[in-house]
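Asks: just the structure for this:
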Amino acid sequence: MTPSRRFDPFPLIWRLPLLLWQGAFFVIPLLFMAAMSFWLVKNYRMEPAFAFDNWARMLGRGAFWDAYWITLGRAALAGLLATAIAFPASLFLAFRLTPAGRTFALLCLIVPFFTSFLVRAYAWQVILAESGPVNAALGSLGLGPFTMLNSGFGAMVGYLTLVLPLVVIFQTWSLVAIDRSLIEASGNLGASPARTLVSVILPAARTGIVLGALFAFIMTFGDFVSPFYLGGSKPPTLTILIIDTTKSGQQWPRAAVVAIIMILTLFAVATAALKAAYGRRG
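Replies: As a prediction, this is how the structure comes out:
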């Protein structure tokens, strides 16, 4: 007979801090927000209830769906642009620099996160202003001035400022982990550098590339600073819609509806991205 295994509480003890943290700061607030989405606001005060009025009101508004598709489209575009812009830099860091040089370069990419993103957004307001240095340089070429602030372009500049260093780091780590013998074998078999890139490097670095794009999407989907301070809130995104909703009659339950839709969207996108990143290769 196989001896019965005794219960070992030691692994559970090590997992307990993570479980408590997730429960206290994610699960419980999420459940409370979900419950609050069914409450009603009367005389500017929230009253516990179980009514679908908030869901019907928000999901039935064209303004909500306009903001939803704008937010989704901008986040997807920011993820694609960040991935495309970061990839040449990641290739250089992974294959051209020495390990010491790569470490220093990655440190330089981390340094911007030591500064508040709001400060960097204010800096872009100066740079992109009609009288700023960008328009001044274009004016010397006989171009402009162009309106770059309070537009989708300004918001996209803010998005890329937020996520681009992180995407480069993800891609670089993934490219460094590629077995160099695979690249050498591809060259020995007569493959061109472009064919090697498409057939060997990109499939091998798929995980880092997809995860970098995923984090870019998540961070831009929930960003408030870029569309507000650089995009001028026109057209509004979901984060701006939440702020406007809470200011309009203290409608926190309706804002909770928007937040839940955002979380569900992020869960769906993250699930698809993780499946693409870690799914079985053909």
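
Asks: gap between the helix or strand harbouring residue 63 and the chain center?
Replies: For residue 63, the element it lies in under DSSP states H and E is helix 62-95. Its chain's C-alpha centre and that of helix 62-95 lie 8 Å apart, by C-alpha atoms, centre = their mean, to the nearest Å.

Asks: which other helices and strands contact that helix?
Replies: helix 99-110, helix 152-176, helix 206-221, helix 238-247, helix 252-278 (3 or more C-beta pairs under 8 Å, 6 or more residues apart in numbering; DSSP states H and E). Bear in mind the C-beta positions are built from the backbone N, C-alpha and C, glycine included.

Asks: buried sites along it?
Replies: Burial within helix 62-95, assessed by neighbour count using 16 or more other C-beta atoms under 10 Å, is assigned to 64, 67-68, 70-72, 74-76, 78-79, 81-83, 86-87, 89-91, 93-94.

Asks: what's the answer for stretch 199-216, then?
Replies: 200-201, 204-216.

Asks: among those residues, which one sits closest to residue 267?
Replies: Distance to residue 267 across those (C-beta to C-beta) is lowest for residue 214, with 11.9 Å.

Asks: ok, now which ones touch the nearest residue to that closest one once chain neighbours are set aside?
Replies: Using C-beta to C-beta, 6 or more residues apart in numbering and skipping the chain neighbours, the partner closest in space to residue 214 is residue 273 (4.1 Å). By C-beta atoms under 8 Å, 6 or more residues apart in numbering, the residues touching residue 273 are 210, 211, 213, 214, 217.

Asks: in contact with the third one, which residues are there?
Replies: What it means is residue 213. Counting by C-beta under 8 Å, 6+ apart, residue 213 makes contact with 79, 80, 82, 83, 167, 273.

Asks: let's verify the nearest residue to residue 232 once chain neighbours are set aside: helix, strand, or coil?
Replies: What sits nearest to residue 232 in space, not counting adjacent residues and going by C-beta to C-beta, 6+ apart, is residue 150, at 2.9 Å. Following DSSP: H, G, I helix; E, B strand; the rest coil, we place residue 150 in the coil state.

Asks: not counting stretch 23-38 itself, show me its contacts.
Replies: 46, 49-52, 54-55, 252-254, 256-257, 259-260, 263.

Asks: average pLDDT across that stretch?
Replies: For stretch 23-38, mean pLDDT is 92.

Asks: chain center to it: distance?
Replies: Chain-centre distance of stretch 23-38: 22 Å, with C-alpha atoms, centre = their mean.

Asks: next, the distance between the ends of that stretch.
Replies: One end of stretch 23-38 to the other measures 22 Å (C-alpha to C-alpha, to the nearest Å).

Asks: buried stuff in that stretch?
Replies: Of all the residues in stretch 23-38, those buried under the rule 16+ other C-beta under 10 Å are 33, 36, 37, 38.

Asks: tell me the one of the residues you listed nearest residue 6?
Replies: Out of those, the member with the shortest distance to residue 6 (by C-beta to C-beta) is residue 33, at 41.0 Å.

Asks: which element is the closest one on?
Replies: Per DSSP H and E: residue 33 is located in helix 28-36.

Asks: quick one: that helix to helix 252-278, angle?
Replies: Calculated by axes from the mean of the first three to the mean of the last three C-alpha atoms, to 10 degrees, helix 28-36 forms an angle of 130 degrees with helix 252-278.
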